[in-house]
Structures are given as C-alpha cells and as structure tokens.
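J.: would you be able to build a 3D model of this:
(one chain, ligands or ions: 1)
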Amino acid sequence: MYLISSSDALEALDSWDDMSFDCCITDPPYGMGMEHWDYSVPTKELWQEVYRTLKPGAFLLSFCSPQLYHRMAVNVEDAGFEIKDQIMWMVTTKMPKTNRLKPAHEPIVVAQKPCEGSIEKNYAKYGVGKINIEDARVPWDGKPPTGWVAGGVKRRTFGKDGKTTGTQKEFGTKDANPKGRYPSNIVGEVQAPHQKYFYAPRATRKEKGDNNNHPTVKPVALMEWLVKIYCPEKGTILDPFCGSGTTGVAALPTERSFIGIEKEPEYVRIAEERCSVAEVPTEFTPLDFNTLQLN
Ligand SMILES: C[S@@+](CC[C@H](N)C(=O)[O-])C[C@H]1O[C@@H](n2cnc3c(N)ncnc32)[C@H](O)[C@@H]1O
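T.: So this is what the prediction gives:
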C-alpha cells in the first residue's frame, strides 16, 4: 500500500504521529544547484522530524553527493541519529566536470535512531533495529565452498597470548553459507573480474517509464537491495523526497508499504503512476490508511 503526499516534506511530516515508520530511505536534494529544487542538503530540523516519526532502532539511509556528504551526515547526526555506515554506490555513467576527476560514486549515509535498550529488546518491542543480510547475499559462482578453518582461512586470535594461527584440524571447519557471500558496503558497477562481488544495478528507460522526465531517477534494483536489508518485511518506508517514486516502486513488491512526499506536482503524478503499477504480492495485507493521519 502506498500514499504520496503532494507537499513540502517538513509540512507533511508534521501531520504524522511519532514512531509511524519502520525505515526511511531517501534521495534528497544534494545541494549542488543542479535543479531549482537542488538548493541545499536537508536541514537538521527536517531530519529531526524524520527521527520523531521513525520507531526506535529504525534505519535512515540518505543518498548524498561526494562533495557535500559531510554536510548531510552532520545534519543527520545533529538530529539525534547514530551514524552506522557509509555505502558507496559505484556509478560509471556520470560525465566529468571541469577541473575535477570523473565522478564514479555516490555515498549513502546509513544512520539509526538509537535502540531502546539492546538490539534484541528493541526488535522484540518495535520490530526494527536489525539489518537483514540473508536476502542480500552475493550468490556463489558455482558450488558454495566447504571446509574453511572455523573463524577464518588462517584463523588469527587478536589480543590473546599464545598461538594465533591454526589449521582445520585445530579449529574445526565451517562451510560457506549456501545463499552466497556476505554483502559489502560497496555496491554497483565495477570492472570484471571483480563485478561478481558487487551488485550492479542501472536505471533502464523501461523501468523509469516513458513519461518519466525526472532528472535523477535511481535504479529500482539498487533501491530494492537497500529496502530488503534495512526495512523489515511488512514494514512501512518513508521517502520525504520521493521524486518519481523509485523507493516506492522497489518497496511495494517486497511486501513493504510506502509513504512518499514530493513537492513538485508533476513528479507526484509520475510517482503515483509508477507506484500504481508496481506489483504487490496478493498475500500481502496492506496497512489500513484510514487509521493513519496525513494532510
Ligand atoms: C533527487 S530527487 C529524488 C529522485 C528519486 N530518487 C527518483 O528516483 O525519482 C529529490 C526530489 O526532492 C524533491 N524536493 C526537494 N525539496 C523538497 C521539499 N522541501 N519537500 C518535498 N520534496 C522536495 C524534488 O522536487 C525532487 O524531486
């Protein structure tokens, strides 16, 4: 189920109750002046509203430009979030600019509203706070490896006296997870033969839709990968700068509800159109939006 509010983000968020959302994944203005709406990175006040409307332990992911990542991250941190990670999205389709190297990545700040108590206690109470690795593993090329030394290829024990490396015989063996490698915080397009370690999405014309003239559409596959890791199943994702609605297009088929906010009416129309055709599994029980409050 989805809802797109045609409004300014701060105004629309004001009408939502505390702890309404399970995750926020957004691609806000980068503050580069590339479009009339690209005036500055979101303010601390905006992130404070996102903080208020997220459940304790919920994750916030915000795309940034390489130049102004620090401003984005500081505002997120000053709003009360704990910075947890930086994901690097490698993207090789950008054009070089005067007096600069060719841009080939966009950072994503990964932050978390602090948990109430331990992660386990927080998860039991609110259903958020843990990331989901299992649906984001990188598949093995062939058969999953077996017979590793438990704890590492050549196990080393840090900070302990005595023997620090050992063999399978000494430490036992461990088989690889059959679902694939543990995913890393670099995602995107790299040169073969390393490509197999990194997920490589691209926004195709088909997935954007013929009538989508938004200049900064994100790839659905990338957004889906982030959604699966950071938003629990059946959870509700907020995107306060939703543009043409790609976060929603990724969220809806993965059994998450979507709340988008976008201030440009033309983009709201495109987001509505794209979300309305995003496939929703039939067994998914949508949220009852009559019980929720919005402008
Ligand atoms: C980088 S784009 C998002 C693109 C989106 N990820 C997609 O795939 O289509 C940022 C969007 O934020 C919107 N925006 C900028 N300031 C806003 C505000 N104060 N409130 C709501 N939306 C805003 C812009 O109109 C723009 O569409």
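J.: low-confidence stretches in the stretch 151-295 of the chain?
T.: Low-confidence regions of the stretch 151-295 of the chain, defined by pLDDT under 70, span residues 152-165, 190-202, 279-295.
J.: please list the residues of it that sit near the ligand.
T.: On the criterion C-beta under 6 Å from any ligand atom, the ligand has as its neighbours in the stretch 151-295 of the chain the residues 214, 216-218, 241, 243-244, 246, 261-264, 267. In short, each C-beta sits where N, CA and C put it, glycine included.
J.: try it again with 8 Å
T.: If contacts are counted using C-beta under 8 Å from any ligand atom, the residues of the stretch 151-295 of the chain sitting beside the ligand are 203, 212, 214-218, 223, 239-247, 261-264, 267, 270-271.
J.: show the buried residues in those residues.
T.: Buried residues within those, defined by neighbour count using 16 or more other C-beta atoms under 10 Å: 203, 212, 214, 216-218, 223, 239-247, 261-264, 267, 270-271.
J.: from those, which ones fall inside helices?
T.: With helices defined by DSSP state H, the entries of these inside them are 223, 246-247, 267, 270-271.
J.: ranges for the strands of this protein?
T.: With DSSP state E applied, the chain shows strands at 2-6, 21-26, 54-63, 82-90, 105-112, 148-149, 173-174, 186-188, 236-239, 257-262, listed in chain order.
J.: thought Gln67 was touching Met32?
T.: Yes. Taking C-beta atoms under 8 Å as the definition, Gln67 is a contact partner of Met32 at 7.2 Å.
J.: closest one to the ligand out of the ones in helices among the buried ones among the residues of the stretch 151-295 of the chain next to the ligand, please.
T.: Each of those was checked against the ligand using C-beta to the nearest ligand atom; the closest is Thr246, at 3.3 Å.
J.: list the contacts of the nearest residue to the closest one once chain neighbours are set aside.
T.: The spatially closest residue to Thr246, leaving aside those adjacent along the chain, is Lys218, at 4.7 Å (C-beta to C-beta, 6 or more residues apart in numbering). Taking C-beta atoms under 8 Å, 6 or more residues apart in numbering as the contact definition, Lys218 lies against 27, 63, 203, 246-247.
J.: show me what from the stretch 1-150 of the chain comes close to the ligand.
T.: Applying C-beta under 8 Å from any ligand atom, one finds that the stretch 1-150 of the chain approaches the ligand through 7-10, 12, 26-30, 35, 37-39, 42, 46, 63.
J.: next one: Lys143 from the ligand, what distance?
T.: Counting by C-beta to the nearest ligand atom, to the nearest Å, the separation of Lys143 from the ligand is 38 Å.
J.: ok, Ile4 - contacts?
T.: Shown here is Ile4, whose contacts under the criterion C-beta under 8 Å, 6+ apart are 242, 245, 248, 259-262, 268, 271-272, 275.
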